[in-house]
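>>> using only what follows, build the 3D model:
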Amino acid sequence: MSPRQALARLFEGVRADTADYGVLRDLLEQQFAAALAHRSEEITALVERILEVTATLRARSKERTQLAALILGGKRNSVTMRDISARLPANARKTFDTAWQRLESLVRECKRLNARNAHLLMTQRDIMQRVLGTESDTYAPA
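All right, here's what the predicted structure looks like:
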């Protein structure tokens, strides 16, 4: 694959990741609503879908690293998208930078939503453990 082809593929991956992070954001919002309503079957289905989307995102991220190294002539250590951007003509650089910033924003938002959901689910789990623990003491033989 030529560096030009690698760059085109990298652009495609950024666009695809942007779309998939939008899907992930929606799934995380649905997960939060399901957790608030204690709909465990829905939470389980959402977790499966979230895992599918994140596996795709991980694979594309790995590919992006390989493509970036190819674009930069085999450089593998600490390749950044700024390095890629710096190699682009001004008009392409602006398009790439805008797309990359949008993707980074979605990644940050999804991380925030995931942390929020994890906190809610862990809090609910802790409450249930305390309730169940209290009940077992309440009904224990004297």
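>>> hang on, isn't Glu63 packed against Ala16?
No: using C-beta atoms under 8 Å, Glu63 is not in contact with Ala16, being 10.3 Å away. Placement of C-beta: from N, CA and C, glycine included.
>>> mean pLDDT per helix and strand in this protein: which one sits at the bottom?
Least confident element among the helices and strands of the chain, by mean pLDDT, DSSP states H and E: helix 90-138 (a mean of 87).
>>> pull out the buried residues from stretch 87-95.
Buried residues in stretch 87-95, counted by 16 or more other C-beta atoms under 10 Å: Leu88.
>>> the residue nearest to Ala16 when sequence neighbours are not counted is in what secondary structure piece?
In space, and not counting its chain neighbours, Ala16 is closest to Arg60: 6.5 Å by C-beta to C-beta, 6 or more residues apart in numbering. Element membership for Arg60 (DSSP states H and E) is helix 40-71.
>>> report all helices and strands that that helix contacts.
Applying 3 or more C-beta pairs under 8 Å, 6 or more residues apart in numbering; DSSP states H and E, one finds that helix 40-71 contacts helix 3-36, helix 81-86.
>>> which of the ones you listed has the lowest average pLDDT?
The minimum mean pLDDT among the helices and strands packed on helix 40-71 belongs to helix 81-86 (a mean of 89).
>>> in it, what's buried?
81, 84.
>>> can you list the residues that contact that helix?
With contacts defined as C-beta atoms under 8 Å, 6 or more residues apart in numbering, helix 81-86 is touched by 7, 10, 68, 71-72, 75, 93, 96-97, 100.
>>> one more time with 7 Å
Identification of contacts with helix 81-86 by C-beta atoms under 7 Å, 6 or more residues apart in numbering yields 10, 68, 71-72, 93, 96-97, 100.
>>> before we move on, the earlier item: quick one: the least confident helix or strand of the chain to helix 40-71, angle?
150 degrees (axes from the mean of the first three to the mean of the last three C-alpha atoms, to 10 degrees).
>>> excluding chain neighbours, give the residue nearest to Trp100 in space.
That would be Met81: by C-beta to C-beta, 6+ apart, it lies 5.1 Å from Trp100.
>>> and the gap between that neighbour and Leu51?
Going from Met81 to Leu51 by C-beta to C-beta, to the nearest Å gives 26 Å.
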